[in-house]
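Q: task: produce atomic coordinates for the following.
(one chain, ligands or ions: 1)
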Amino acid sequence: MEKNKYTQSANLLERAKKVMAGGVSSEFRKYNHPHAIFYTHGEGSRVYDVDGNAYLDFTLSQGPLILGHSHPHVLKSVNEYSQQGQLFAGQHIKEIELAETINRLIPSAELMRFCLDGSEAVQTALRVARAKTGRKKFLRFEGHYHGWLDNMCWGISAPSAAALGSREQPEAFPWTEGLPDRVRDEFIIAPWNDLDTLKKIIAAHHNEIAAIITEPVMCNNGCIMPAEGFLPGLREICDQYGMALIFDEVITGFRLGLGGAQQYFNISPDLSIFAKAIGSGYPISVVAGKKTWMHLIEEAKVIHAGTMNAGNPTVAAALATIDVLEKENPYPGMFQYGKKIMEGLREAAARCGHSLVVQGPGPMFHMAFTNKTEIKDYRDTLDTDRVKLGKFVAGMHDRGIRIIGRGLWYISAAHTAEDIDHAVDTAAEVFSNI
Ligand SMILES: Cc1ncc(COP(=O)(O)O)c(C=O)c1O
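A: The predicted structure is shown next:
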């Protein structure tokens with residue numbers, strides 16, 4: 001198979017670097033293979049770059065493109081509704097339609113506000129929780145990602161599992177320079193999927209904790225399902241101590257089903273955040289929750305604002321996306337295709353003697369080269385062979401298949417049975433070359 005070349009992208013990157021910091025608009029985009037790539041267009045399950053390479057895309061732009069690239073119904077709705085205006089510094093009727101739709105699909109979303117991205121919606125939920133409880137801190141879990149803002153840039157990068165220290169008092173490594181010292185007092189970190197350790201931490205700190213925030217499936221380091229009883233355990237702890245249970249459904253929302261992870265696992269959080277898949281690539285996010293918490297925003301005791309919130313194109317995109325998801329119900333197919341690739345990867349890796357763990361629910365899943373039989377938490381992900389993973393991701397990319405560098409795959413409604421077979425065949429070839 002002829003391998004991809006990247007000359008035009010390399011040239012454009014040099015030009016971009018002269019005026020754009022690092023040549024990119026988000027840090028993660030630097031870490032493509034072999035460097036940041038410039039794309040020309042995307043359609044369905046494929047995306048194309050300036051060198052004329054076509055990629056079967058399993059990154060889905062880090063998750064949002066649940067319907068694939070350039071879905072015609074989404075584009076048509078965005079285009080038509082944008083003819084009426086972009087932003088009014090006021091309300092428009094489709095906002096209500098969108099909120100009513102979300103409220104119908106997700107019972108805990110009794111009241112909501114629209115924002116632009118996951119990071120700021122997370123901060124809104126935390127503000128509500130602090131205001132309601134009068135407590136200052138939130139509890140978060142090792143390896144979970146809740147955006148790039150100051151109080152969340154911790155616990156997501158560590159040199160090794162050993163460096164994290166004790167499970168009761170994990171070391172919190174900052175992800176970046178420039179963080180104010182004061183934000184270190186805003187949070188407590190706990191290992192995920194470990195209810196016994198969590199209970200000890202909560203016993204010592206519950207008077208300070210306003211909320212527990214969690215990804216219901218840990219997708220940003222590995223792809224780890226909640227252990228049996230873990231999410232119900234969080235619900236109980238939050239009820240017992242009057243804390244908000246916040247589900248960060250930026251990835252799981254509209255990906256595990258129309259009702260998100262809360263429907264999938266049948267747990268009702270107090271507050272939730274949706275982003276990514278709801279907007280098919282347009283900047284819209286939702287902070288939603290029960291009236292007993294969200295009334296603070298309703299009464300303007302907690303302020304939420306934003307010039308750009310809920311503009312016509314983004315609301316139209318979200319309504320159109322949900323419309324297609326409801327009418328076509330691609331979820332059984334996404335689960336099935338995901339499981340088929342996962343199985344195919346396991347078999348192909350085993351044939352070549354690679355120790356590989358592939359895990360996740362299907363619509364998203366993760367692969368890691370490790371001698372372990374399962375990745376149970378963040379600490380396990382730090383001990384995997386990331387050099388080998390880098391070689392695999394590069395080998396796939398050179399052969400026209402794009403997956404996220406940390407080993408995560410996203411399935412969309414646009415992927416076909418042929419796409420899945422092609423991905424597995426290509427992976428088999430790459431396994432035999434690394
Ligand atoms: C679980 C989770 N929460 C929050 C965020 C931040 O969302 P955004 O990048 O839209 O600010 C992300 C982004 O990847 C995420 O995966």
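Q: what's the residue of the stretch 151-300 of the chain found nearest the ligand in contact with, if anything?
A: Proximity to the ligand, evaluated over the stretch 151-300 of the chain using Cβ to the nearest ligand atom, is greatest for residue 250 at 3.5 Å. Where you see a C-beta, it was placed from the backbone N, CA and C, and this is true even at glycine. Taking Cβ atoms under 8 Å, 6 or more residues apart in numbering, we find residue 250 in contact with 63, 118, 121-122, 146, 215, 273-276, 285.
Q: please list which of those are also close to the ligand.
A: Taking Cβ under 6 Å from any ligand atom as the test, the ligand is in contact with 118, 122, 146, 215, 275 out of the contacts of residue 250.
Q: can you get me a residue count around the second one?
A: What that stands for is residue 122. Counted with other Cβ atoms under 10 Å, the neighbours of residue 122 add up to 27.
Q: return the backbone torsion pair for it.
A: Here the main-chain torsion angles of residue 122 (degrees, to the nearest 10) amount to phi -60, psi -50.
Q: from memory it sits against residue 146, does it?
A: Yes - judged on Cβ atoms under 8 Å, residue 122 makes contact with residue 146 at a distance of 4.7 Å.
Q: what's the closest of the contacts of residue 250 to residue 55?
A: The shortest separation between residue 55 and any of those is 16.1 Å, and it belongs to residue 63 (by Cβ to Cβ).
Q: now residue 429: phi and psi?
A: The phi/psi pair for residue 429 (degrees, to the nearest 10) reads phi -60, psi -40.
Q: whoops, residue 167 was the one
A: phi -70, psi -30.
Q: follow-up on the earlier one: which non-adjacent residue is nearest the residue of the stretch 151-300 of the chain closest to the ligand?
A: Nearest residue to residue 250, sequence neighbours excluded (Cβ to Cβ, 6 or more residues apart in numbering): residue 118, at 3.9 Å.
Q: the one you found: what's it in contact with?
A: Residue 118 sits in contact with 146-147, 248, 250, 273, 275-276, 285, where contact means Cβ under 8 Å, 6+ apart.
Q: again with residue 232
A: Taking Cβ under 8 Å, 6+ apart as the contact definition, residue 232 lies against residue 267.
Q: buried residues in the host helix or strand of it?
A: Under the assignment given by DSSP states H and E, the secondary-structure element containing residue 232 is helix 230-241. By neighbour count on 16 or more other Cβ atoms under 10 Å, the buried set for helix 230-241 is 230-231, 233-235, 237-238, 241.
Q: turn the residues you listed into CSV, columns for distance to residue 310.
A: As requested, the buried residues of helix 230-241 are exported to CSV (distance: Cβ to Cβ, whole Å):
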residue, distance to residue 310
230, 34
231, 30
233, 35
234, 30
235, 30
237, 34
238, 29
241, 34
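Q: can you pull the phi/psi pair for the residue of the chain found nearest the ligand?
A: Nearest residue of the chain to the ligand: residue 118, at 2.4 Å (Cβ to the nearest ligand atom). Main-chain torsions, residue 118, degrees, to the nearest 10: phi -60, psi -40.
Q: now residue 156
A: Per degrees, to the nearest 10, the residue geometry at residue 156, taken as phi and psi, is phi -120, psi 0.
Q: what's the neighbour count on it?
A: Taking other Cβ under 10 Å as the criterion, the count of residues near residue 156 is 20.
Q: now swap in residue 117 and tell me
A: A total of 17 residues lie near residue 117 under the criterion other Cβ under 10 Å.
Q: and stretch 350-365, average pLDDT?
A: Stretch 350-365 shows an average pLDDT of 98 in the prediction.
Q: how about it: buried residues?
A: In stretch 350-365, the ones that count as buried by 16+ other Cβ under 10 Å are 354, 356-365.
Q: can you list which of those residues are found in strands?
A: Residues from the buried residues of stretch 350-365 lying in strands, with DSSP state E as the criterion: 356-359, 364-365.
Q: returning to that earlier point: okay, the helix holding residue 232 in PDB with CA atoms only?
A: Listed in PDB are the C-alpha atoms of helix 230-241, where the atom choice follows Å, rounded to 0.1, in the frame of the first residue of the first chain:
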ATOM      1  CA  PHE A 230     -19.400   3.100  41.500                       C
ATOM      2  CA  LEU A 231     -21.800   5.600  40.000                       C
ATOM      3  CA  PRO A 232     -24.600   4.600  42.400                       C
ATOM      4  CA  GLY A 233     -22.100   5.000  45.200                       C
ATOM      5  CA  LEU A 234     -21.400   8.600  44.000                       C
ATOM      6  CA  ARG A 235     -25.100   9.300  44.000                       C
ATOM      7  CA  GLU A 236     -25.400   8.000  47.600                       C
ATOM      8  CA  ILE A 237     -22.400  10.000  48.800                       C
ATOM      9  CA  CYS A 238     -23.800  13.200  47.200                       C
ATOM     10  CA  ASP A 239     -27.200  12.600  48.700                       C
ATOM     11  CA  GLN A 240     -25.800  11.900  52.100                       C
ATOM     12  CA  TYR A 241     -23.700  15.000  52.300                       C
END
